[in-house]
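Asks: Pasting a predicted model and its sequence here:
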Amino acid sequence: MKQVSMKLIYWAAVICAVTFVAGASLAQAAAAPKSYPIPAGGQAVELAEGDWLRYTADVGRTGQYTMKFRVAHEVGDDPLFIVECDGHDVTGIMNAPYTGGLSNWVELSRPAVHLDAGRHQFTVKQVGGTPFYLESIAFAQGGEVKPGPRPNAKKWKLAWSDEFNYTGPPDPAKWDYDIGGDGWGNQELEYYTGRPENVRVEGGRLIIEARREDFKENHYTSARLVTRGKKPIKYGRLEVSAKLPAGEGTWPAIWLLGDNGKDWPGCGELDIMEHLGRNPGWIHGSAHSLKYFFKNGNQKTSITYVPHPEAAFHEYAIEWAPDHIDMFVDNNTYLTVTNDGSGWEAWPFGDPEYLILNIALGGWGGKVNDSQLPARMEVKYVRYYEQAEGATAGAKGK
């Protein structure tokens with residue numbers, strides 16, 4: 001074991017640092033994690049699977065806290081980690097998003113962590129995936145996740161929607177299907193169909209259902225609903241109220257894909273919501289372009305935590321303007337991407353895109369737990385707003 005130069009940030013003198021100690025699992029012969037200088041100054045700790053970072057802190061008062069981690073991840077499978085308080089997991093599994101290495105950092109926030117007053121021993125444990133870097137840990141008192149303010153209704157006019165107030169197949173005037181099971185470039189395991197077993201409207205909800213069943217050459221089925229050829233989307237605000245599936249290996253998504261004839265990622269992709277069942281509660285948002293995507297190590301991405309997204313409906317939204325894009329969960333912004341003015345390679349988002357709603361299995365979603373299938377994504381509504389006459393572009397919903 002060794003002491004590590006790290007930062008513990010505390011707010012309003014509620015929590016204060018005592019010491020950090022780092023180590024590794026017995027299987028690794030207690031080889032302590034390495035520390036690295038970072039471009040902004042200071043040190044970052046590299047945590048590989050089995051490594052841990054332990055520290056003692058005084059909690060001034062009992063209550064809800066938000067824990068914030070400044071992290072970076074270079075390459076490979078998603079790094080997974082947890083935080084224990086006195087030996088009990090208080091965060092659930094979190095993952096450090098890909099950033100391209102030590103030159104790019106993101107802040108990962110875990111709200112709604114209950115802590116009792118007193119001195120506690122906290123342990124950050126790397127429990128899977130490839131190594132990642134941890135630069136600082138922060139505590140903020142108050143951790144309840146509250147919806148943000150509704151956007152100004154005077155800015156937007158409803159241009160297209162589906163309230164799913166009917167029964168049967170999705171409205172063919174508004175929706176089409178992607179059909180097939182070739183992995184979709186992501187090593188997905190499902191065969192997408194348009195069958196009612198996989199996609200239907202009932203009880204005022206759109207149901208997309210992933211199932212364990214042999215179908216053609218695949219052992220799983222699901223659905224991928226698209227607005228391609230029905231409703232082009234360019235600029236404005238798009239809202240989808242959804243309850244997400246639970247289950248390891250599930251990978252639901254609400255996203256937009258460019259329809260400009262260019263190959264991916266030059267066509268442009270906007271991921272409003274991606275969720276991995278093996279990492280419940282963490283919502284991913286990303287913007288992909290030819291200049292900025294994961295193979296270049298500079299993908300525009302962020303993640304945010306939503307408690308139990310499988311148990312309640314949440315609104316996943318995007319506001320898209322010529323110079324910037326904002327993504328929201330329950331009207332709280334969690335990703336902003338700006339047009340750097342360098343051309344279509346960086347900003348293909350001047351062309352229309354189409355909406356996709358789907359549940360993938362496997363691939364980035366990981367190993368599927370068959371016992372947790374079938375799994376459903378339920379959608380209460382989809383609403384697309386265009387900017388009202390006289391409203392100012394780029395006003396970010398104000």
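Replies: Yep, that arrived.
Asks: quick one: residue 343 and residue 259, what's the gap?
Replies: As for residue 343, its distance to residue 259 is 19 Å (criterion: C-beta to C-beta, to the nearest Å). C-betas here are computed from N, CA, C, even on glycine.
Asks: do the same with residue 172
Replies: Residue 172 is 19 Å from residue 259, by C-beta to C-beta.
Asks: that older thread, of residue 343 and residue 259, which one has the most company?
Replies: Neighbours per residue, other C-beta atoms under 10 Å: of residue 343 and residue 259, the larger number sits with residue 259, 18 against 12.
Asks: and that one, what does it touch?
Replies: 228, 232, 267, 351, 352, 353, 354 (C-beta atoms under 8 Å, 6 or more residues apart in numbering).
Asks: Could you check the one helix or strand residue 58 maps to and say which residues are buried?
Replies: Per DSSP states H and E: residue 58 is located in strand 52-59. Within strand 52-59, the residues scored as buried using 16 or more other C-beta atoms under 10 Å are 52, 53, 54, 55, 57, 59.
Asks: can you list contacts of the very next helix or strand once past it?
Replies: Counting by DSSP H and E, the next helix or strand C-terminal to strand 52-59 is strand 63-72. When contacts are defined by C-beta under 8 Å, 6+ apart, strand 63-72 is touched by residues 9, 15, 44, 83, 91, 94, 96-97, 99-102, 104-115, 132-144.
Asks: what's the offset of stretch 105-119 from the middle of its chain?
Replies: 18 Å (C-alpha atoms, centre = their mean, to the nearest Å).
Asks: Show me which residues of it are buried.
Replies: Those would be 105, 106, 108, 109, 110, 111, 112, 113, 115, for stretch 105-119 by 16+ other C-beta under 10 Å.
Asks: Sort out for me which of those are in strands.
Replies: 106, 108, 109, 110, 111, 112, 113, 115 (DSSP state E).
Asks: Pull up the distance across stretch 225-236, start to finish.
Replies: Taking C-alpha to C-alpha, to the nearest Å, stretch 225-236 runs 21 Å from one end to the other.
Asks: Next, the buried residues of it.
Replies: Across stretch 225-236, burial judged by 16+ other C-beta under 10 Å covers 225, 226, 227, 228, 231, 233, 235, 236.
Asks: returning to what we had before: and of the buried residues of strand 52-59, the nearest to residue 247?
Replies: residue 52 (28.4 Å; C-beta to C-beta).
Asks: Report the inter-axis angle for the one helix or strand residue 119 maps to versus strand 63-72.
Replies: According to DSSP H and E, residue 119 maps onto strand 118-128. Put simply, strand 118-128 runs at 40 degrees to strand 63-72, going by axes from the mean of the first three to the mean of the last three C-alpha atoms, to 10 degrees.
Asks: hey, where'd the helices end up in the stretch 101-250 of the chain?
Replies: Remark: helices of the stretch 101-250 of the chain are absent; assignment by DSSP state H, counting those that start in this stretch.
Asks: which residues are contacting the longest strand anywhere in the chain?
Replies: In the chain, ranked by residue count with DSSP E as the criterion, the top strand is strand 375-387. Residues from elsewhere that reach strand 375-387 (C-beta under 8 Å, 6+ apart): 155-164, 204-210, 231, 233, 235-247, 250, 252, 277, 313, 355, 357, 359, 393.
Asks: what's the spacing between it and its chain's center?
Replies: 17 Å.
Asks: do stretch 274-290 as well
Replies: Put simply, stretch 274-290 sits 3 Å off its chain's centre (C-alpha atoms, centre = their mean).
Asks: tell me the mean pLDDT over stretch 71-85?
Replies: Mean pLDDT, stretch 71-85: 83.
Asks: list the buried ones in that stretch?
Replies: 71, 72, 73, 74, 78, 79, 80, 81, 82, 83, 84, 85.
Asks: Please apply the same query to stretch 206-217.
Replies: Across stretch 206-217, burial judged by 16+ other C-beta under 10 Å covers 206, 207, 208, 209, 210, 211, 212, 215.
Asks: What's the separation between the residue nearest in space to the middle of the chain and residue 381?
Replies: When C-alpha atoms, centre = their mean is applied to the chain, the residue found nearest the centroid is residue 284 (1.3 Å). According to C-beta to C-beta, residue 284 stands 22 Å off from residue 381.
Asks: Over to residue 153?
Replies: Applying C-beta to C-beta to residue 153 and residue 381 gives a distance of 16 Å.
Asks: same question, residue 174
Replies: Distance of residue 174 to residue 381, computed by C-beta to C-beta: 12 Å.
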